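Peer 1: Quick one, fold the following:
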Amino acid sequence: MALRILNGFTKSLPWPPYKKIGAVCLLAETSDGLLLVDSGIGLQDYHRPSRMMRDFMNVMQAIRDPEIAIVRQLARLGYKPADVRHIVLTHLHLDHAGGLPDFPNAMVHVFQREFQAWKHPRKLFEIPYDKSHFAHGPRWSFHQLEGEKWCGFDAVRLAGLEPEVWLVPLPGHTSGHCGVALQTETGWIFQCGDAVPVNLDLRPGMVLFYRPTIGANVPRLKAFAKAHPEVRMIAGHMDLDFFLEGGLSRNQRERT
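Peer 2: As a prediction, this is how the structure comes out:
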């Protein structure tokens with residue numbers, strides 16, 4: 001599977017590590033066309049942002065450049081919106097699902113529990129769902145656990161796609177938050193979303209600081225990282241150097 005790591009949204013963190021970071025989106029070739037993991041924020045968020053998005057951008061000191069939108073990046077790579085057949089979401093927060101309206105024909109894969117969290121939010125971090133991102137009526141594909149496993153994790157394989165793509169529930173940031181595992185020609189890549197600190201920095205101090213926002217998955221993910229160094233793990237947000245370096249394996253050195 002040919003795979004690209006793209007930055008779907010640039011913001012500044014008002015807390016450690018106090019730097020500009022990007023939102024990790026993955027672009028992969030599958031047996032059924034292009035697949036995106038997360039979509040960043042979209043063109044409407046730059047041109048006609050909702051009140052929630054305007055406030056979010058102000059607080060996060062976002063870079064307001066529509067050329068960052070994934071649909072514009074794909075155009076520069078020679079792709080049309082219709083070329084994206086599948087979008088797999090770690091969760092439905094505005095900075096991960098904002099690009100959905102730019103790909104109205106894509107099948108949008110989401111964990112059933114996450115969709116229910118959007119419909120009936122019960123936690124503080126289930127509030128930042130922007131309904132404008134779903135107003136176009138996405139082609140939803142909902143997934144539930146059915147007894148399958150990926151590397152010891154309860155998981156759901158997306159049927160009909162090759163190479164393998166798995167939703168791996170990692171609740172905490174939201175009730176239905178998931179990681180996404182993709183099989184590539186050089187091994188597995190595991191996008192952990194917002195279940196881990198920025199930059200996949202698993203040092204105790206950073207984990208303790210981020211614990212209220214990311215949930216309780218870090219001990220298991222840290223043990224998994226040590227047991228499976230062949231799996232390339234990535235956080236949902238990485239600093240900009242990561243993208244400038246082409247998404248190289250610097251995170252493999254930091255997850256200790």
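Peer 1: Report how many residues lie close to the residue nearest to P163 when sequence neighbours are not counted.
Peer 2: Spatial nearest neighbour of P163, chain neighbours left out: Q183 (3.9 Å); criterion: CB to CB, 6 or more residues apart in numbering. From N, CA and C alone the C-beta is placed, and that goes for glycine too. Counted by other CB atoms under 10 Å, the residues lying close to Q183 total 18.
Peer 1: Using CSV, write down the CA coordinates of the helix or strand encompassing L74.
Peer 2: Taking DSSP states H and E as the definition, L74 sits inside helix 70-76. Below are the C-alpha coordinates for helix 70-76, written out as CSV (Å, rounded to 0.1, in the frame of the first residue of the first chain):
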residue,chain,number,x,y,z
ILE,A,70,-6.6,18.0,2.4
VAL,A,71,-8.7,18.4,-0.7
ARG,A,72,-6.3,21.1,-1.9
GLN,A,73,-3.3,19.0,-1.1
LEU,A,74,-4.8,16.1,-3.1
ALA,A,75,-5.4,18.4,-6.0
ARG,A,76,-1.7,19.3,-6.0
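Peer 1: buried sites along it?
Peer 2: 70-71, 73-74 (16 or more other CB atoms under 10 Å).
Peer 1: could you give the mean pLDDT of it?
Peer 2: Mean pLDDT, computed over helix 70-76, is 98.
Peer 1: Could you do stretch 28-40 as well?
Peer 2: Rounded mean pLDDT across stretch 28-40 is 97.
Peer 1: Show me how far that stretch is from its chain's centre.
Peer 2: The chain centroid and the centroid of stretch 28-40 are separated by 12 Å, computed with CA atoms, centre = their mean, to the nearest Å.
Peer 1: do stretch 113-131 as well
Peer 2: 16 Å.
Peer 1: Stretch 229-239 too?
Peer 2: For stretch 229-239, the distance to the chain centre is 11 Å (CA atoms, centre = their mean).
Peer 1: Name the residues that touch it?
Peer 2: 5, 17, 19-24, 38, 90, 96, 151, 181, 187-200, 221, 224-225, 247, 249, 251-252, 255 (CB atoms under 8 Å, 6 or more residues apart in numbering).
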